[in-house]
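A.B. asks: return atomic coordinates for the entry below.
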Amino acid sequence: MQVWKEYQEQNKERFLNELLDLLRIPSVSARSEHKKDMVTCAASVKEHLLKAGADKAAIFETEGHPVVYAEKFIGTDKPTVLVYGHYDVQPADPLELWHSGPFEPVIKDGKIYARGSADDKGQFFMHVKAFETLTATNTLQCNVKFIIEGEEEIGSPNLAKFIKEKKDLLKADVILISDTSMLSMENPSIDVGVRGLSYIQVEVTGPDRDLHSGVYGGAVANPITMLAKMIASCHDENNHITIPGFYDDVLESSDEERKKMAQAPFNENEYKQDLGVTELWGEKGYSTNERTGIRPTLELNGIWGGYTGEGSKTVLPSKAFAKISARLVPNQSSKKITELLIKYFETIAPKGVTVKAEEHHGGEPYLTPIDSVEYQSAAKAIAATFGKEPIPVRGGGSIPICSLFEQVLGIKIVFMGFGLDSDNLHSPNEKYDLFNYYKGIETIPYFHQYYAEMKK
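C.D. replies: Numbering: from 1, shown residues only. Down below sits the predicted model:
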């Protein structure tokens, strides 16, 4: 719509500067030293929503970080869109690998470099600016609600309680989320689902103190060695996960779905070059896109123990630790998989060490039906601005709260992500293309228009 383009073009520079200000707030939910920053960021999000045209906005305290809510109501005969996003970000470590400050946004080669630029400040802020466009041009055709939380990156531990307590407040017809990615701007896509997550930590203890590796090495089990052996046992020679029962509930994709996935453009050499690897790795019998979408995985996220400082110290450590996560596909339960992981590591503990495994957090997988009005509205909106139909794909990441949204609120979720897999999410030098940011602001108003039309 021409009036939207004119408004967005007139306010383009302001839209960017406001995002940059938001990115300067180090809203790291996992670190207690950033608690005040979380409060500051929540207040900023609330202010932006009010300025964008919300009738009212509020900050709700939780046992952890606050949730920001806002709404604009235009009529009982209009459908209601609930926009979900998160203002918290991952820790920026390792800092030495950033080419600029993680909370000092820099624009380079048409990209915004900053922690949270793509995940998820840049993406949820597109909705705020699209909403502003609709209200400022008096073209809003849906009631709109926002729920922007501050704990997604730590598993949304307090959001479930909030959703249940505020069920009536959050009542809507569809949930719209931009926390996913596209194949590319040349080949737009829509995630029809995200994987679930099971995350545990394993602690292996040997002697009751660190020992001299010369005096005791060879006589006492080394916890790091034992932990490494246990981790190595989790995959067989075909990179198939060996944990008993792990695949029991996996929803196998049909040949037809796999054929559709194979139609998505994929250049293996470019993929390897972008990642700086010479070979790809994964479960035998599946393509790269299938391994990161329709198949569950088990990954070692961190391992430590003993001496890791400068120089050498010949020590046989008392303890070793590992953080391990599994990405889950439809029909798998994070609770069941977590129990399987914990039981597996406790059961295979070698003699001479003790093993303690505990849950960090988890979330369920989610699928959106592509024949729904909600999905079709999103697909039509993307086609309107990209000039081609989006390809339905499965996302490899996780948004832990999705299944609970549907369970409690009884409505479907649509993913309209504008990021790219190459945006360095959770890594140093996270980035978000300016083109993607503005394209999202341009496209989202069409979703509201088409959804209002198709829901009549």
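
A.B. asks: ok, and the helix or strand in the chain with the lowest average confidence?
C.D. replies: Across the helices and strands of the chain, mean confidence by mean pLDDT, DSSP states H and E is lowest for helix 255-262: a mean of 84.

A.B. asks: got the buried residues for that helix?
C.D. replies: 257, 261 (16 or more other C-beta atoms under 10 Å). Heads up, the C-betas are built off the backbone N, CA and C, glycines and all.

A.B. asks: show me where the stretch 101-250 of the chain has its helices.
C.D. replies: Remark: helices assigned in the stretch 101-250 of the chain by DSSP state H, counting those that start in this stretch are 121-136, 159-165, 213-216, 223-232.

A.B. asks: out of those, which is closest to Ile441?
C.D. replies: Minimum separation from Ile441 across these (C-beta to C-beta) falls at helix 121-136, 4.7 Å.

A.B. asks: quick revisit: got the CA positions of the least confident helix or strand of the chain in PDB?
C.D. replies: Taking C-alpha atoms only, helix 255-262 is exported to PDB below (Å, rounded to 0.1, in the frame of the first residue of the first chain):
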ATOM      1  CA  ASP A 255       8.500 -38.700   1.300                       C
ATOM      2  CA  GLU A 256       6.400 -35.800   0.000                       C
ATOM      3  CA  GLU A 257       7.600 -33.400   2.700                       C
ATOM      4  CA  ARG A 258      11.200 -34.400   2.100                       C
ATOM      5  CA  LYS A 259      10.800 -33.800  -1.600                       C
ATOM      6  CA  LYS A 260       9.400 -30.300  -0.800                       C
ATOM      7  CA  MET A 261      12.400 -29.600   1.500                       C
ATOM      8  CA  ALA A 262      14.700 -30.700  -1.300                       C
END
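
A.B. asks: list of residues touching it?
C.D. replies: The contact list for helix 255-262, computed with C-beta atoms under 8 Å, 6 or more residues apart in numbering, reads 253, 287, 289-290, 293-294, 391-394.

A.B. asks: OK, contacts around Asp274?
C.D. replies: Contacts of Asp274 by C-beta under 8 Å, 6+ apart are Ser422.

A.B. asks: tell me the secondary structure for it?
C.D. replies: Assigned by DSSP: H, G, I helix; E, B strand; the rest coil, the conformation of Asp274 is helix.

A.B. asks: now it: how far from Asn424?
C.D. replies: From Asp274 over to Asn424 the distance is 11 Å, taken as C-beta to C-beta, to the nearest Å.

A.B. asks: run through the chain and note the low-pLDDT ranges.
C.D. replies: For the chain, no stretch has pLDDT under 70.

A.B. asks: which helix is the longest one in it?
C.D. replies: Longest helix in the chain by number of residues (criterion: DSSP state H): helix 434-454.

A.B. asks: for it, packing partners?
C.D. replies: If you count contacts as 3 or more C-beta pairs under 8 Å, 6 or more residues apart in numbering; DSSP states H and E, helix 434-454 packs onto helix 2-10, helix 12-23, strand 80-86, strand 111-113, helix 121-136, strand 174-177, helix 373-386.

A.B. asks: same list (these) but as CSV, adding distance to Trp281 and mean neighbour count.
C.D. replies: Supplementary listing: the helices and strands packed on helix 434-454 in CSV, determined by distance: least, C-beta to C-beta, whole Å; neighbours: other C-beta atoms under 10 Å:
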stretch, distance to Trp281, mean neighbour count
helix 2-10, 43, 14
helix 12-23, 33, 17
strand 80-86, 30, 25
strand 111-113, 28, 23
helix 121-136, 29, 25
strand 174-177, 30, 25
helix 373-386, 32, 20
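
A.B. asks: convert the C-alpha atoms of stretch 191-206 to CSV, please.
C.D. replies: This file holds the C-alpha atoms of stretch 191-206, laid out as CSV (Å, rounded to 0.1, in the frame of the first residue of the first chain):
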residue,chain,number,x,y,z
ASP,A,191,9.2,-21.7,9.1
VAL,A,192,6.2,-24.0,9.6
GLY,A,193,7.7,-25.3,12.8
VAL,A,194,10.5,-25.1,15.3
ARG,A,195,12.3,-27.8,17.2
GLY,A,196,11.9,-28.4,20.9
LEU,A,197,14.8,-28.4,23.4
SER,A,198,16.1,-30.5,26.3
TYR,A,199,19.1,-29.0,28.1
ILE,A,200,21.1,-30.7,30.9
GLN,A,201,24.4,-30.3,32.8
VAL,A,202,26.6,-33.2,33.7
GLU,A,203,29.0,-33.2,36.6
VAL,A,204,31.6,-36.0,37.0
THR,A,205,33.5,-36.3,40.2
GLY,A,206,36.6,-38.5,40.9
